[in-house]
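*Asks:* attaching a predicted model along with its sequence, questions to come.
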Amino acid sequence: MDLAALGDRGPVIRALDRGIAQGLFTVTAVSAELLRLASKGQDRVNLLRDCLAERLDGAGGRTSDLEAPMDRLIVRRRLPLPERQFPVERFRLDYAWPEAGLAVEVDGYQDHSGLDAFRRDRSRQNRLVLLGWTVLRFTADDVRRRPALVAGQISDALAGASRPA
């Protein structure tokens with residue numbers, strides 16, 4: 001709230017993203033505080049409300065810093081809202097459109113490099129495909145530098161998708 005009072009969008013977005021990624025608060029909790037302050041006539045709520053509108057608040061919360069820009073991409077590109085941290089067998093999908101059988105994973109290099117991660121990612125993807133899921137994987141570079149490509153591929157997959165078995 002104090003950052004929002006300064007009127008600079010960048011620090012507010014960074015603080016929200018970090019706080020959510022670190023589990024310090026949820027979008028729901030910040031939204032509740034906004035409602036409380038708005039009823040008291042606080043001017044600073046508008047900027048924070050705008051920043052919150054660009055975030056998804058899945059039940060599982062964010063598990064990586066890359067999910068924050070992906071959330072913004074989904075909202076800004078007006079894609080159908082996905083389920084977040086969606087459970088499938090022993091896995092959790094970063095983003096899922098279960099009715100379409102579409103899973104989207106956002107992979108940062110740090111968490112997905114090395115031989116063990118390479119093997120684990122392939123095994124996981126193969127299992128999801130065998131269960132009937134279409135799996136799209138995007139890198140940090142894709143999400144941050146090619147949002148139109150990412151949104152277009154998700155849209156295309158949703159347009160031609162069918163529910164997994």
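*Replies:* Arrived safely, thanks for sending. Residues are numbered from 1 along each chain as shown.

*Asks:* the residue lying closest to Arg92 once chain neighbours are set aside in helix, strand or coil?
*Replies:* Sequence neighbours aside, Gln85 is the residue nearest to Arg92 in space, at 4.8 Å (criterion: CB to CB, 6 or more residues apart in numbering). Quick note: C-beta positions are derived from backbone N, CA and C, even for glycine. Under DSSP: H, G, I helix; E, B strand; the rest coil, the three-state class of Gln85 is strand.

*Asks:* can you give me the neighbour number for Gln85?
*Replies:* 16 (other CB atoms under 10 Å).

*Asks:* gap between it and Gly7?
*Replies:* Distance, Gln85 to Gly7, by CB to CB, to the nearest Å: 33 Å.

*Asks:* quick one, strands of this structure?
*Replies:* 83-88, 91-97, 102-107, 134-139 (DSSP state E).

*Asks:* buried residues of the last one, list them for me.
*Replies:* Which is strand 134-139. Neighbour-count burial for strand 134-139 flags 134-136, 138-139 (criterion: 16 or more other CB atoms under 10 Å).

*Asks:* closest to Ala68 out of those residues?
*Replies:* Using CB to CB, Phe138 comes nearest to Ala68 of the buried residues of strand 134-139, at 13.8 Å.

*Asks:* for the buried residues of strand 134-139, which one is nearest Gly114?
*Replies:* When the buried residues of strand 134-139 are compared against Gly114 (criterion: CB to CB), the nearest one is Thr139, at 15.7 Å.

*Asks:* who does Arg84 bridge with?
*Replies:* Tyr95 (DSSP bridges).

*Asks:* give me the neighbour count for it.
*Replies:* 22.

*Asks:* separation between it and Ala68?
*Replies:* 12 Å.

*Asks:* same check on Gln85?
*Replies:* Noted for Gln85: a distance of 14 Å to Ala68, by CB to CB.
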